[in-house]
Every structure is written in C-alpha cells, then in structure tokens.
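1. take a look and give me a structure for this.
(one chain, ligands or ions: 1)
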Amino acid sequence: MKLGYKYISWHESRGKGSVSKDKIFNLILQENRRQKHKIGLIASENNVSPNVARALGSCLTNKYAEGYPGARYYEGNQVIDEIEREAQNRLKKLFGVPYVNVQPYSGSPANSAVEFALLENGQTLMGLALSSGGHLTHGHPKVTFSGRFFNSVQYGVGGDGRIDMDQVRQLALMHRPKLLIAGNTAYPFQLDFKAFGEIADEIGAYLLADISHVTGLVIAGEHPSPFAYADVVMSTTHKTFRGPRGAMIMVTDHGLQKDPKLSDKIAKAVFPALQGGPHNATTAAIAIAAAEASGVKFKKYGHKIRKNADTLAQALQNEGLKLVGDGTQTHLMLVDFSASAPGMAGLIARALDAAGIYANKNTVPGEPGSPVYPSGLRLGTPLVTTRGMGAAEMRQIAAWIGQVSRYTIQNVQLPADRAQRKYFQGEFARQIVQDKQLLAIAKQVSQLAGSFPIFDPAWL
Ligand SMILES: Cc1ncc(COP(=O)(O)O)c(C=O)c1O
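-> Below is the predicted model:
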C-alpha cells in the first residue's frame, strides 16, 4: 500500500539522513535553541518531561473521540477510552476527588465551561480583578465572555497588595453572586480557600477554585489546598503541574453535597455545549504528568519552586527593586516600577529579553500606566527550578535583572505623548537587540542557561 506521505523523523529533520525541507522544523529547532540559551521567568511556563513530550507527539492525535469513555460518537475508541479513564483515575487519586474532566482544551475554555454549567446568561459571578492579579476569565468586563455574558462583580487588593476577605464577604453579601471564583494569575500571595468557602456557603453560591498557577504547590503542601472548601476546582495542566497544554475540571465531595448534579452539568458544558472531540494525545500526556506529580520527587520540586521564589524575591529587593506586597508566598512575584519608571515595564521586559532573560510586563495594583504600558514585571520560578537552578542562580539572575532595569531606566524615557509611543517602541525594540552592554550580559546568561538541561528534540 502506498502512503500519501513520507515519514520524517526528528533526526532526519535535523539534517541527518533525508532532510525535510519544511521550514517549520528549522523554526522548531530555533525555538529550542532560544529556550536552551535563555532564562525563562514567565510564571506560567514550564519544561515537560520526555514522556509527556512523547505522548504529545504520538498517533493519538489521529483519532476522533467525541463524547466520553463508553459513550462515544465514533467507533474505534476502545484504547482511547482506556487512556481517558486512566487519566481520570490518576487525577482522582492524586487530588482525592470523585469527578474529573480532562477534556477542556485549555484553561480559558475550562473556565467558560464551569461558568456556562453553573450560570444562566446575566446571572452574577464574582472574581479577582485583572489589575489585582486575577484572570481575564474571572469576569473581566467588556472584552471577555465572562464579563459580557454574565453580570460580573470584581474584588481587588488593598494597599498592602493583599485580598481583604472582609471586603470580599461584604461585596458577596451585597451582590449575592451565584458563582464565586478564587484564583490568581499575577497575585503573589496565598489564597485563603477556607474563607472563600465559608463566604460561598453563607450566600449559597458555588465556589470555583482556579488553581492553575499553584497546582504544583498545592500537591507539595506549599499552598493551602482548596479541595475541602471549593465545589469545583479547575487547573491548567501546563504550569506548575508540568504537563501538556490543557486543563482539568474537578468536582469535589463538597460540591456534590451542594449539588448532586454538578459533575453532569460540567460534563455537558464541556461536551457538547462548548467543545467537540477531545485532544487524545493531550489526555495521555496529562495522565503521564499525573503519575509524575504523584511521586516524592514532585513534592521536592514544589518545595524548591518556593525556596527559589523566596531567594529571588529577597535578592531583587537587595538590588533595590520594589515588589508588590514586599514579597511572595507562591512561585511568582511582581516587580513594581510604578514609582521609579511608571508605564515602562514593557521596555524593561524587552531589554531583559535582549539580555537573555524573558519575563512579562504586567499591571500592578493602582496602576499609574495602562495594560499596554504597565508598571509591573511578573517573574516566576517553576521553569528555572525544573531546569535544576538553585539559590546561587537566583541571586545571579536578580543581579542581572537589577543591572538591566537600572540601565533601561537611566537611558530610556517613555514619551508622554501616546501617539508617539508606538513608533518609539518599535525603534526601541530594533535598537535594543544591538546594545553592546545587553549583548555582553546575554553571553553570560547563555553560558549559565546552557549548563542546565532543557527539552531535547531527540526525546520525540
Ligand atoms: C488562573 C488562570 N486561569 C486560567 C488561565 C487560562 O489558561 P489558558 O491560557 O490555558 O487558556 C490562566 C492562564 O494564564 C490562569 O492563570
């Protein structure tokens, strides 16, 4: 039988044997080199294991499996059923929950499924404001589905950068949301799930704990667990959980007591309401990540993420940089440039990238700039910890961040005129990659980063 394509292995695509001319393979290798020789401090990124990568690149991607195990709309799903059940069972055991759905394509579709499962159009949900470190899907007004289809009430942080649970309770009593969301994207402190649960129970609301960022810390006992208090727990699988890009929605015993139909509502919201066929290769990779997260080694990993975050935070403060709330209790921290360089975090992030360190600009509470020109820099330690970096590397990285920030602030000024900013930004981006001082740092960064292993294409 003649197949319509020629199989090209990774080795072939790298120039051995018959070479694939497809530019995409070259670009993948370029990206691989970038990851290897730069230091990634984006709080939501990680580096998957060889086994997770293998499952993702497998034949499972060829199969359609609309529906759930034992109830599919396509034939030939005997093996896929087993894989999905295995993924569910591993996660049920790991988190001690009665129901897990592993089909959401990612975190935002998972949150939309929870919201559509539990709310009718126009009903009220309440979540942490984006500007205080919440996620877009937690009710950010106007531009997101969660702020457009539902009546969204947002709580924020106080002057100390922390959520005030008394204020959350007052707002909840006033607006009586049907869904209360506790979750964080750029909030560096622990979430008090017990207090959130008490408020939700008091007003008869569902509590959704979105632990996307802190799952690995919860598993390691480095962050309070939501499972006794929340009704539904959602997590992406690609952040501190260190699996493929995907998500899981879990229903707790607490949730089933509140609403015995909860699992069924979630299942129907994911499929058929919002999605079609699940991504089976991702499901298998989630199952592998679940097994990896169940061992003692993973708990140690969670402890190290925290230790590295504390070391990095302290070292940044020693460099004279201010952190929102003066520190961190999680894997992430926010450098606050609102006094020293308002609106300039994007330029500093770009200068850091030129120096081989990548992070992301972020708003800070009480932002004097704007979401496009914010004053915060979000930094996280999950990826560098996976690579094996420790205290000495955190101190060195903080020194580089201090050096690059000061250099940028001293030499660059963001135009006050908004119309000029776009042109200025383009020019800045063009020139910064040729800056000799930054290139010298990039060389040192590359040497350090190159000595800590990262995703190897040969794993596939
Ligand atoms: C707390 C939280 N929830 C949901 C999401 C959305 O995940 P995704 O980017 O996979 O859609 C994110 C992503 O940053 C997040 O931080």
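2. quick one: mean pLDDT over stretch 339-349.
-> Mean per-residue pLDDT for stretch 339-349: 96.
3. could you pull out the buried residues of that stretch?
-> By neighbour count, with 16 or more other Cβ atoms under 10 Å as the criterion, the buried positions of stretch 339-349 are 341, 342, 343, 344, 345, 346, 347, 348, 349. To be clear about C-beta, it is placed using only N, CA and C from the backbone, and glycine gets the same treatment.
4. sec struct for residue 159, please.
-> Three states are possible here, and by DSSP: H, G, I helix; E, B strand; the rest coil the one that applies to residue 159 is coil.
5. sorry, wrong one. I was asking about residue 453.
-> Counting by three-state DSSP, the three-state call for residue 453 is coil.
6. contacts only, for the residue nearest to it when sequence neighbours are not counted.
-> Across the structure, with Cβ to Cβ, 6 or more residues apart in numbering as the measure, the residue nearest residue 453 apart from its sequence neighbours is residue 387 (6.7 Å). With contact set as Cβ atoms under 8 Å, 6 or more residues apart in numbering, residue 387 has these partners: 47, 449, 452, 453, 454.
7. do the same with residue 176
-> 124, 203, 205.
8. now stretch 129-138, how far from the centre of its chain.
-> 13 Å (Cα atoms, centre = their mean, to the nearest Å).
9. what do you get for stretch 434-448?
-> What separates the centre of stretch 434-448 from the centre of its chain is 28 Å, taken as Cα atoms, centre = their mean.
10. can you name the residues in contact with that stretch?
-> Applying Cβ under 8 Å, 6+ apart, the contact partners of stretch 434-448 are 37-39, 351, 354-357, 393, 396, 400, 403-404, 407, 432.
11. pull out the buried members of those residues.
-> Applying 16+ other Cβ under 10 Å to the contacts of stretch 434-448, the neighbour count classes 37-39, 351, 354-357, 393, 396, 400, 403-404, 407, 432 as buried.
12. show me which of the residues you listed neighbour the ligand.
-> Near the ligand, judged by Cβ under 6 Å from any ligand atom, there are no entries from the buried ones among the contacts of stretch 434-448.
13. what's the most distant pair in those?
-> Of all pairs drawn from those, the widest gap by Cβ to Cβ lies between 393 and 432 and measures 24.1 Å.
14. low-confidence ranges in the stretch 351-460 of the chain?
-> Where the stretch 351-460 of the chain drops to pLDDT under 70, the residues are 459-460.
15. which parts of it are strands?
-> Here the stretch 351-460 of the chain has its strands, by DSSP state E, counting those that start in this stretch, at 357-358, 360-362, 376-380.
16. repeat for the stretch 201-350 of the chain
-> Under the criterion DSSP E, counting those that start in this stretch, strands of the stretch 201-350 of the chain are mapped to 206-210, 232-236, 247-251, 332-336.
17. how about the helices in the stretch 51-200 of the chain?
-> Per DSSP state H, counting those that start in this stretch, the stretch 51-200 of the chain has helices spanning 78-95, 107-118, 145-148, 165-175, 193-203. These are given in chain order.
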